[in-house]
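Enquirer: Give me coordinates for this.
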Amino acid sequence: MVGAIVTDASGKVVGRGWHRAQGEPHAEAVALREAGDRARGGTLYVTLEPCAHHGRTPPCVDAVLASGVRRVVSTHVDPDPRTAGRSFQRLRESGIEVEWGALDREAIELNLRFVVSKLLARPEVTLKWAMSFDGKIATASGESRWISSAAGRRWALGLREEHDAILVGSGTVLADDPALDRRLGRASAPNLRVVLDRRLRVPPSARLFQVPGPLLLYTESSDAARRDALTERGGEIVVLPRVDAGGVLDDLHRREVQSLLVEGGGEVLAAFLAADLFDRVEVCCAPVLIGGERAPGPLRGAGVAALADAPRLESVRVGRRG
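Expert: A predicted model of the protein is given here:
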């Protein structure tokens, strides 16, 4: 997500642009086209280093060099190895003043999915759950609909629109029979739905197979009949030697998935936490008290043995929905 502003030599804004979608002109090209000759001697402000490689569009650095601007101000270096500082170097070699580093933390947070994907070679991972004020995701009898409010549920659906893929474990499919689809109409295509199903317990009758969109099931099972039954229903079966967070993220990265929303259940969320393979945590905390020793919490697994080993979250934001 990139935006750009061009000012003329006097500092007046003469061009604005933002990257609307893959394959469309980049922010710099849009802003410079609007500015035209007024860009000469001016400044280009952009939220990411202009690209230096041919992709779906021509290199933006060429347009910057042709525009006649005397100065470029950016937030941070493009982590894509095809650019990675090369544009800044070309601009400086051509006599253009380059500054970067302003608002870099905000810009990295804005494009965390892109940055994580390029630097860590895996999708950015968001862990998400809804819970009661005392940290329960269901009653002892398993009832969980609905802990969160209507506004909270709409927020959760919004997260699906923002991520390339959504992941749950087979236990969640068996307990809740979710569709895992996008429903708000903000995204132009269905999201990739991912299920961790080591023993292929998901039935062909599950709602997952009744809505359009790609569906991946990761398994360790060699049961050819079960695999064929799920494949006939539209699922793609991926057999791994071991279904774990790291192996799944490696495969999703090869499929060019940049962002993954992990919705549960507790064992799956705990597995990503234990592997230290997560970047954000999104929690809807409802003003209700459930209690009960057998009422489940959002994170199962073994947990940490010492508080010193517990992950500490940074940049915590708190707001109200509904």
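Enquirer: where do the helices sit along this structure?
Expert: Secondary structure of the chain, counting by DSSP state H: helices at 27-35, 60-67, 86-93, 104-110, 112-120, 150-162, 170-176, 224-232, 245-254, 266-274.
Enquirer: Out of these, which is closest to Y218?
Expert: helix 245-254 (5.5 Å; C-beta to C-beta). Using the backbone N, CA and C atoms, a C-beta is placed for each residue, glycine as well.
Enquirer: So, low pLDDT: which residues of this protein?
Expert: Counting by pLDDT under 70, the ranges of the chain that qualify are 54.
Enquirer: Count the residues that sit near the nearest residue to G247 once chain neighbours are set aside.
Expert: Sequence neighbours aside, L240 is the residue nearest to G247 in space, at 5.1 Å (criterion: C-beta to C-beta, 6 or more residues apart in numbering). Close neighbours of L240, defined as other C-beta atoms under 10 Å, add up to 15.
Enquirer: do D62 as well
Expert: 16.
Enquirer: swap in R113?
Expert: Applying other C-beta under 10 Å, we find 22 residues neighbouring R113.
Enquirer: now do R183
Expert: R183: 12 surrounding residues under other C-beta under 10 Å.
Enquirer: S259 now?
Expert: Residue neighbour count, defined by other C-beta under 10 Å, stands at 23 for S259.
Enquirer: Contact partners for the closest residue to it other than its chain neighbours?
Expert: Excluding the flanking residues, the one nearest S259 by C-beta to C-beta, 6+ apart is R113, at 4.0 Å. The contact partners of R113, by C-beta atoms under 8 Å, 6 or more residues apart in numbering, come to P123, E124, H163, D164, Q258, S259.
Enquirer: what's the nearest residue to the first one if we skip its chain neighbours?
Expert: What it means is P123. Going by C-beta to C-beta, 6+ apart, P123 has L260 as its nearest residue, at 4.4 Å.
Enquirer: sorry, back to before: ok, the residue nearest to G247 - contacts?
Expert: Contacts of L240 by C-beta under 8 Å, 6+ apart are Y218, T219, E220, G247, V248, D251.
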